[in-house]
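Trainee: okay, predicted coordinates and the sequence, questions at the end:
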Amino acid sequence: MFRGGTWSEGMVGLPWRRRYDMWVVVAAAVAAYANSWSHGFCLDDTRAILQNEDLDAAKTTLADVFANDFWGDPLATSVSHKSYRPLTILTYRWTAALFALEPAPFHIGNIAIYAAACGVWHWFLARLPMVSRIGRFVAALLFTLHPTHVENVASLVGRADTMAMILYLVCVDVYQRGARRGGGVGAAYLAAAWVLAFAGMLLKEHGLLALPVAAAFDLCMNGRLLRPGEWGGRLPAAGARTAASAAVTIAIFAWGLWMRGEKTQPSMVMVENPMAREDSVWVRVTWWSEVHFWYFVLMFYPRWSCVDWGYNVIPRPAFPLWGLATYAATFAPPLLLLTTRHREAAVLCAALLVIPFVPSSGLVLKIGTVLAERLLLLPTLGFALAVGIAFETADAALLRREADHAPPSPGVDLADSPPQGLRRRKPPSASTAAPAGPPGRPGLPLARVVLWGAFWATCVVWFAWTVRGSALWDNPLTLYRNTVETCPMSAKSHMQLAVALKRHQKDNALPEPASQEVDAEREALLQTSIRIAPNYSVPLAELGEMMHEQGRNEESYVYVSRAVASGPSNVEALYRLAWLLFHHKGRLEEGLKAFETCMFHCHRKRVCLRAAWHYSGRYGDALAKVYMQNRSRAGLAEEAVAQYRRVLFESKVADFEPVPADGCQWALNLFGVAASAKRYDAAEEALEYQIPQCAEVLWTHYLSKAGMRRSILKRYGHNRVIAEHIAALPPPEEAPKK
C-alpha cells in the first residue's frame, strides 16, 4: 500500500552490517554468475576490446576516446555505428592498462558491477514509501536472478547497461531528495541529477531516461498528481521541476545527435532487423507488437536464451492479436487502480517498466535489432517492483485473514478486547487450543506456505537457468549451438556457428576425419542460412571461400558472385571474387576492378587490420602482374608501388612480430616492380626492409648470385645499411661461363 507518499529514508539509519537482506541479494548475484569469470572473449567482445585501439594508450589519447564510437571508429565518419559510450570504453581502457588483455579481470569486473547494481536496486527500494521489507526483498531477489540479464553480465559489452543502471537509480534518488528539500539545496540536488543523467548517457544511451522516470516519481509522490485534493502548492512546484528537466533532457539529446553527425542512426541490415526496412507503417506496428509480446513472455517466463532474434525468428502476424493483449496486460492494471489507494504504486511501476523500454520498442526510433534480452535490464526493474508490491499485499492479506480466524484464548471475551489489527497473536498451546473450523475450510497458514513456496521455487529455477545461460558464454561454439537450437529459423545464427566451427578447426589442427566432419557440418549450416535468407551475402561469401579452399572453384565463383550481388560492400566477397577472376577465370581487368572496389570498402569500413593488410598486398600483386605483362601501363606500376609501400611501411600491422611470410614476399615483389619501373627509391626501401627481417629470402633471390650482387651494389651501394649487409655475407656463387 502507499505509505505517506514521501521519499523515505529506508535503511539509511541501519548499519551496513545489519542489512542482511541486501547482502543476500548481492551474494545471490555473485553466485549466479561466478562461473563466468573464467570465460574468454565472445561475440562482440572481440571487436569492442581486442580490436579497439581506444584501449591502447600508446596509440590513442583520451580525446580520441571521446571522439570515437563504442567500436573505435570516428563518430564523424559515415561508417560509424553511432553508439557513443566513452565512459564505458574508459573502464575497458583502465582494465587493459592494469591487467593487459586478459579476459578474467574483465569478467570479474562485470560480476562486481552487476552485484553492485543489485545492491543499489535494493537500497533504492528501501527509499520507496510503498514497499515494505518483504516486498523489497522479493523485488530485489527476483531482479537479481532474472535470466534475461545473462547477456548483461556474461558478455563484456553488457557492462554498459549495468553501469548505466547504477547511475539511473542514483539519479532518480538524488532528484527526489532535491524535490523534497526545495530552495537552493534542492536546486543543487536537481543539478546533480542532471549531471548523473548525462554521465549515464555516456555509459549507455538509455541512461538519459532517468530524468523522465524521476519526473514521473516527483509528480506522483511530491506533486500528488493523482490526488487532486492534496495538490496545494505541491503540483506547480513539481511541474516546474519537470519542465526544467524536460528542457535539460532535450538539450542533452540534441547534443548527442550533434556529436553523431548528420547520419545519426546506423545502416539497418535486413537479416538483423527486417522491420526497420519496411515502408508500411501498419506492417511495422503489427510486427513490432508481436515482438513486444515476446518481450512480455520473456519477462515472465525467461526459459529461452538466444543471442540473435533476427530475421525470420519472429514471423510477421496478419493481425496484432498477441500484441494488443500485451498492451492490455501492461496498461490495464495502472488504469484500473487509479481510483484506489494503490494508484501511485501502479503508476510508478508502469513508469519504471515502460519509459526505459520506449527507445528499444522500435516504434519511435529505428534500432539495429529485433529483440535483445539485454534491453530488458531496466524494464525488469518495474516488473520486479510490481511483483514485490503484489507479493507483500497478498502476504499481508493472508496475515490479516489468519489473525481474524485465529481461535481466541480461553476466558477471553472478544467483545471486550481491543482490535488487534495486523498484530500477530501468540498461538495457543495444544491443551487450550480451540477446535479447528468447520470441515471444508482451507487451512489459512497453508496459503502462505504456498505463496512463499512459489516465490522460492521461482528463485531456484531462475537461478538454475541463469547459471546455465552464463555457462553458454564460455566460448562461441557453445553459445551459437544453443542459439541454433533455440532459434532454428535464425539465418545469422547458422552462419555464426559455421564461422565458429571454422575458427575451431583452424585453431586446433583437427585430424583429417574430424576435419572432414567439421567441413560437412559447416556446409550444411551455411546452406541452411542461405535457404532461410537467400539474399544474405555473408553466408554466401563464407560458402564460396570454403569451396575455394576445397578446390571447387566453379561452385565458389557462383556463390561469391551471388554474395557480391546481394552485398556490394561485402569486403570478403569482393576479395574472393577478385582473386577468382584474376587467377581462375583469367579476366584480369575485371579482377583489378573488383580488387579496387574491395580496397575502397576495406578502408572505408576499417575492417580487421590484418585482413586489410592482406587485401592491400594481394591488390599490389595483381597490379604488378598486369604491369609486367604490359610495361606501357606505367600507372599500374605506380599504384602497385603505392599498395606495397602502404602494406610494408604505413600499415600498423607492419609493426607486429613476427613478420608474416607474406610481408617478405611483398617486399620482394616491391623491389622487382619498382626496379622495372625505375622507381629506385622504392626499390631501395624494399631492400632495406628485407635486410633485418627477411635476410634469408633476400639471399636466396638476389645476393647469392655474384652478378646480381654486383648490380645491387652498383645501384644501391651508397646506402650504408645495404653495403654493410652485403659486405658481411659469404662469397657469392659465380655463374658458370658458357
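Mentor: Structure's in. What do you need?

Trainee: what stretches of the stretch 501-650 of the chain score poorly on pLDDT?
Mentor: Residues of the stretch 501-650 of the chain that meet the criterion pLDDT under 70 lie in 603-613, 631-632, 650.

Trainee: ok, the stretch 301-450 of the chain next?
Mentor: By pLDDT under 70, the low-scoring segments of the stretch 301-450 of the chain are 311, 338-340, 363-365, 368, 404-444.

Trainee: okay, strands next: where are they in it?
Mentor: With DSSP state E, counting those that start in this stretch, there are no strands along the stretch 301-450 of the chain.

Trainee: which stretches of it form helices?
Mentor: Counting by DSSP state H, counting those that start in this stretch, the stretch 301-450 of the chain has helices at residues 321-336, 343-354, 379-404, 444-472.

Trainee: now the shortest one against helix 379-404, angle please.
Mentor: Here helix 343-354 runs at an angle of 150 degrees relative to helix 379-404 (axes from the mean of the first three to the mean of the last three C-alpha atoms, to 10 degrees).

Trainee: quick check: closest non-adjacent residue to the residue nearest the centre of the chain.
Mentor: For the chain, the residue nearest the mean C-alpha position is residue 157 (4.5 Å; C-alpha atoms, centre = their mean). Excluding the flanking residues, the one nearest residue 157 by C-beta to C-beta, 6 or more residues apart in numbering is residue 44, at 4.6 Å. Any C-beta I mention is one placed from the backbone N, CA and C, and that applies to glycine too.

Trainee: about what we covered before: residues contacting the residue nearest to the centre of the chain?
Mentor: Residue 157 sits next to 43-45, 48 when contact means C-beta atoms under 8 Å, 6 or more residues apart in numbering.

Trainee: would you mind measuring from it to residue 144?
Mentor: Computed as C-beta to C-beta, to the nearest Å, the residue 157 to residue 144 distance reads 20 Å.

Trainee: just the buried positions in stretch 314-331, please.
Mentor: Going by neighbour count (16 or more other C-beta atoms under 10 Å), the buried part of stretch 314-331 is 314, 320, 322-323, 326, 330.

Trainee: can I get it in CSV? Just the C-alpha atoms.
Mentor: Coordinates of each C-alpha in stretch 314-331 appear next as CSV, following Å, rounded to 0.1, in the frame of the first residue of the first chain:
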residue,chain,number,x,y,z
ILE,A,314,9.5,-13.9,-35.1
PRO,A,315,7.3,-14.1,-38.2
ARG,A,316,5.1,-11.2,-39.2
PRO,A,317,1.5,-11.7,-38.0
ALA,A,318,-1.6,-10.8,-40.1
PHE,A,319,-3.2,-9.1,-37.1
PRO,A,320,-1.6,-7.9,-33.9
LEU,A,321,-3.7,-10.0,-31.6
TRP,A,322,-1.0,-11.0,-29.1
GLY,A,323,0.4,-7.5,-29.2
LEU,A,324,-2.9,-6.0,-28.2
ALA,A,325,-3.2,-8.5,-25.4
THR,A,326,0.3,-7.5,-24.2
TYR,A,327,-0.6,-3.8,-24.2
ALA,A,328,-3.8,-4.5,-22.3
ALA,A,329,-1.9,-6.6,-19.7
THR,A,330,0.6,-3.8,-19.3
PHE,A,331,-1.6,-0.7,-19.1
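
Trainee: need the contact partners of that stretch.
Mentor: 283, 285-296, 350, 353-354, 370-371.

Trainee: my read: residue 679 touches residue 639, true?
Mentor: No - using C-beta atoms under 8 Å, residue 679 makes no contact with residue 639, being 11.8 Å away.

Trainee: do a quick rundown of the helices in the stretch 151-300 of the chain.
Mentor: Going by DSSP H, counting those that start in this stretch, the stretch 151-300 of the chain shows helices at 159-181, 183-203, 210-217, 234-260, 281-300.

Trainee: what's the average pLDDT for the third one?
Mentor: Same thing as helix 210-217. Averaging pLDDT along helix 210-217 gives 89.

Trainee: and it, what does it pack against?
Mentor: Under the contact criterion of 3 or more C-beta pairs under 8 Å, 6 or more residues apart in numbering; DSSP states H and E, helix 210-217 touches helix 159-181, helix 183-203, helix 234-260, helix 343-354.

Trainee: buried residues in it?
Mentor: 210-217.

Trainee: for it, C-alpha coordinates in PDB please.
Mentor: What follows is helix 210-217, C-alpha atoms only, in PDB (Å, rounded to 0.1, in the frame of the first residue of the first chain):
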ATOM      1  CA  ALA A 210      16.500   8.500 -15.700                       C
ATOM      2  CA  LEU A 211      15.200  12.100 -15.900                       C
ATOM      3  CA  PRO A 212      11.700  11.200 -17.300                       C
ATOM      4  CA  VAL A 213      11.400   8.500 -14.700                       C
ATOM      5  CA  ALA A 214      12.500  10.800 -11.900                       C
ATOM      6  CA  ALA A 215      10.000  13.400 -13.100                       C
ATOM      7  CA  ALA A 216       7.200  10.800 -13.000                       C
ATOM      8  CA  PHE A 217       8.200   9.900  -9.400                       C
END
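
Trainee: low-confidence regions, the stretch 51-200 of the chain specifically.
Mentor: 78-79.

Trainee: between the helices and strands packed on helix 210-217, which one is closest to residue 225.
Mentor: With C-beta to C-beta as the measure, helix 234-260 is the member of the helices and strands packed on helix 210-217 nearest residue 225 (6.3 Å).

Trainee: measure residue 132 to residue 126 for me?
Mentor: Taking C-beta to C-beta, one finds residue 132 at 10 Å from residue 126.

Trainee: what of residue 89?
Mentor: In terms of C-beta to C-beta, residue 89 sits 33 Å off from residue 126.

Trainee: more neighbours: which of the two?
Mentor: residue 89 (28 against 20; other C-beta atoms under 10 Å).

Trainee: out of the helices and strands packed on helix 210-217, which comes closest to residue 666?
Mentor: Here helix 234-260 is closest among these (C-beta to C-beta), at 38.0 Å.

Trainee: how far does that closest one sit from its chain's centre?
Mentor: 28 Å (C-alpha atoms, centre = their mean, to the nearest Å).

Trainee: which strands or helices does that helix pack on?
Mentor: helix 159-181, helix 183-203, helix 210-217.

Trainee: report the distance from the last one to the chain centre.
Mentor: Yep, that's helix 210-217 we're talking about. 25 Å.

Trainee: before we move on, what about the first one?
Mentor: On the basis of C-alpha atoms, centre = their mean, helix 159-181 sits 22 Å off its chain's mean C-alpha point.

Trainee: what is it packed up against?
Mentor: Partner elements for helix 159-181 (3+ C-beta pairs under 8 Å, 6+ apart): helix 86-99, helix 103-126, helix 150-154, helix 183-203, helix 210-217, helix 234-260.

Trainee: can you do 6 Å?
Mentor: Packed against helix 159-181, as judged by 3 or more C-beta pairs under 6 Å, 6 or more residues apart in numbering; DSSP states H and E, are the following elements: helix 103-126, helix 183-203, helix 210-217.

Trainee: quick one: residue 617 from residue 319, how far?
Mentor: Using C-beta to C-beta, residue 617 is found at 56 Å from residue 319.

Trainee: same deal with residue 44?
Mentor: With distances taken as C-beta to C-beta, residue 44 is found 36 Å from residue 319.
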